[in-house]
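# quick one: sequence and predicted model below, then my questions.
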Amino acid sequence: MPWKECSVMEERMRFVARLLEGEEMSHLCREFGISRKTGYKIYDRYKEAGLEAFTDRSRRPFRYGNQLPFQVETAIVALKKEKPHWGARKLRELLLRKFSSEVRVPAVSTIHAVLDRHELVQPRKGRRYRAQGTPLSVAKEPNDLWCADFKGEFKLGDGRYCYPLTVTDQASRYLLLCEALESVKEDSAFTAFESLFKERGLPTAIRSDNGVPFASPHSLFGLSRLSVWWLRLGIDIERIKPGKPQQNGRHERMHLTLKKEATRPAKPNFLQQQARFDEFVAEFNDERPHEALGMKVPADIYTASNRPYQGLSELAYPFHDRTVVVTTCGRICLHNKKINVSLVFTGQTLGIKEVEDNTWLVSFMDYDLGYIDLEEKCLQPLDNPFSVIKV
């Protein structure tokens with residue numbers, strides 16, 4: 001199979017498959033054009049998580065209790081494409097005739113959510129979240145603050161675009177991650193960050209810009225599924241102001257060096273480009289002295305976090321009246337009324353507390369999101385609770 005027809009996953013699977021068939025690591029690394037270090041990195045990931053280690057999938061830290069059967073969702077999408085001017089209510093009638101008593105046909109609101117997820121409905125005109133940035137902390141020790149970003153995409157020799165995801169430790173300048181990805185989608189970022197957390201532990205905070213997958217301009221408070229996951233892990237989120245890359249200046253300077261030394265010229269394929277990134281990371285951390293560090297190298301300063309990654313614990317709200325789980329449509333149900341919250345909280349448990357008759361406070365973890373008026377059936381957000389640095 002030509003390189004340009006292989007995905008990153010296929011390249012890595014081919015490499016591991018031949019290792020398992022008995023071929024020598026050194027021989028395969030020469031053939032694939034990668035270093036032995038990169039070869040062992042790929043093999044170690046396979047031994048830890050099997051073939052799932054090579055898929056750019058979400059780790060699904062949330063529950064999806066209302067997820068539709070694949071056949072039903074596929075039928076909804078197919079019917080919409082056949083009847084592009086029909087809405088969810090008419091499509092539901094067709095589904096009732098098609099499936100009869102074979103399966104439970106979802107509600108109109110669920111069908112609409114499926115169409116919306118597949119970008120088959122006209123977006124509603126609503127108030128758009130305007131990114132403003134957050135207060136920025138000062139990192140005094142390693143793992144006080146990590147900085148994350150995507151370096152600008154560039155084209156590989158086989159014609160595909162590479163999107164490097166990079167993470168640095170602010171205090172030590174240590175380059176924690178430089179991963180060659182095929183896109184900036186959340187699924188890929190989940191996988192990369194979980195591997196990093198397992199290896200290095202958890203930071204106190206992560207700073208990023210306001211772009212995907214770190215933030216979303218269409219969601220409540222500009223949150224994304226990725227940033228909600230960070231919050232669940234006890235990681236504070238920081239955002240630079242739009243158009244102010246200098247607020248992440250140390251990280252941006254590293255990107256200039258990365259671009260000059262590891263992307264020009266670009267390598268023929270993803271495996272070889274990742275091998276070049278691995279070489280750059282090793283040199284940047286272990287060999288390159290930094291004036292700001294008194295001519296020490298980052299590896300002289302950085303130590304792994306003492307907060308190990310242990311997955312997600314259950315959320316509890318002992319001072320609230322009840323808890324509710326956000327559905328796949330981004331809603332909660334309260335007194336038989338459906339209230340939109342945000343899709344980024346899908347599967348998350350929220351706390352609900354009645355503060356006045358028919359008025360309820362909605363909380364996520366230690367953060368108050370807003371109030372629900374059951375007559376209006378909508379969430380009235382409070383000021384952004386995630387824009388304040390914890391002390």
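Sure thing, it's come through.
# buried ones in the longest helix along the chain?
Longest helix in the chain, counting residues (DSSP state H): helix 270-286. Neighbour-count burial for helix 270-286, counted by 16 or more other Cβ atoms under 10 Å, picks out 270-281, 284-285. No exception for glycine: its C-beta is placed from N, CA and C like everyone else's.
# repeat for stretch 144-164
So, applying 16+ other Cβ under 10 Å, buried residues of stretch 144-164: 144-151, 156, 158, 160, 162-164.
# export those residues to CSV and tack on pLDDT?
CSV is the format used below for these (pLDDT from 0 to 100):
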residue, pLDDT
Asp144, 96
Leu145, 96
Trp146, 97
Cys147, 95
Ala148, 95
Asp149, 94
Phe150, 92
Lys151, 88
Leu156, 95
Asp158, 93
Arg160, 93
Cys162, 95
Tyr163, 95
Pro164, 96
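# what is the most widely separated pair among those?
The largest separation in these, counting by Cβ to Cβ, is between Asp144 and Asp158 at 39.9 Å.
# could you pull out the helices for the protein?
For the chain, the helices defined by DSSP H occupy 8-20, 25-32, 36-49, 70-82, 88-99, 108-117, 186-200, 225-232, 249-262, 270-286, 298-301.
# out of those, deepest packed?
Most buried of the helices of the chain by mean neighbour count (mean count of other Cβ atoms under 10 Å) is helix 225-232; its value is a mean of 22.
# quick check: angle from it to helix 186-200?
Angle, helix 225-232 to helix 186-200, by axes from the mean of the first three to the mean of the last three Cα atoms, to 10 degrees: 30 degrees.
# show me where the stretch 101-250 of the chain has strands.
Counting by DSSP state E, counting those that start in this stretch, one finds strands in the stretch 101-250 of the chain at the ranges 145-150, 154-155, 161-169, 175-181, 205-208, 236-239.
# among those strands, which comes closest to Ser363?
Ser363 lies closest to strand 236-239 among the strands of the stretch 101-250 of the chain, at 17.1 Å (Cβ to Cβ).
# average pLDDT for the closest one?
The predicted model assigns strand 236-239 a mean pLDDT of 92.
# please apply the same query to stretch 195-205.
On average, stretch 195-205 scores 96.
# can you check stretch 380-391 too?
Taken as a whole, stretch 380-391 carries a mean pLDDT of 70.
# pull the contacting residues for Leu181.
Leu181 is in contact with Val8, Asp56, Cys162, Tyr163, Pro164, Leu165, Ser188, Ala189, Ala192, counting by Cβ atoms under 8 Å, 6 or more residues apart in numbering.
# so it bridges to which residues?
On the basis of DSSP bridges, Leu181 is bridged to Tyr163.
# how near is it to Met9?
For Leu181, the distance to Met9 equals 11 Å [Cβ to Cβ, to the nearest Å].
# same question, Cys162
15 Å.
# equivalent analysis for Cys333, please.
38 Å.
# same check, this time on Lys155
Lys155 sits at a distance of 20 Å from Met9 (criterion: Cβ to Cβ).
# for Gly243, find the nearest of the helices of the chain.
Closest of the helices of the chain to Gly243 is helix 249-262, at 13.0 Å (criterion: Cβ to Cβ).
# helices or strands up against that closest one?
strand 145-150, strand 161-169, strand 175-181, helix 270-286 (3 or more Cβ pairs under 8 Å, 6 or more residues apart in numbering; DSSP states H and E).
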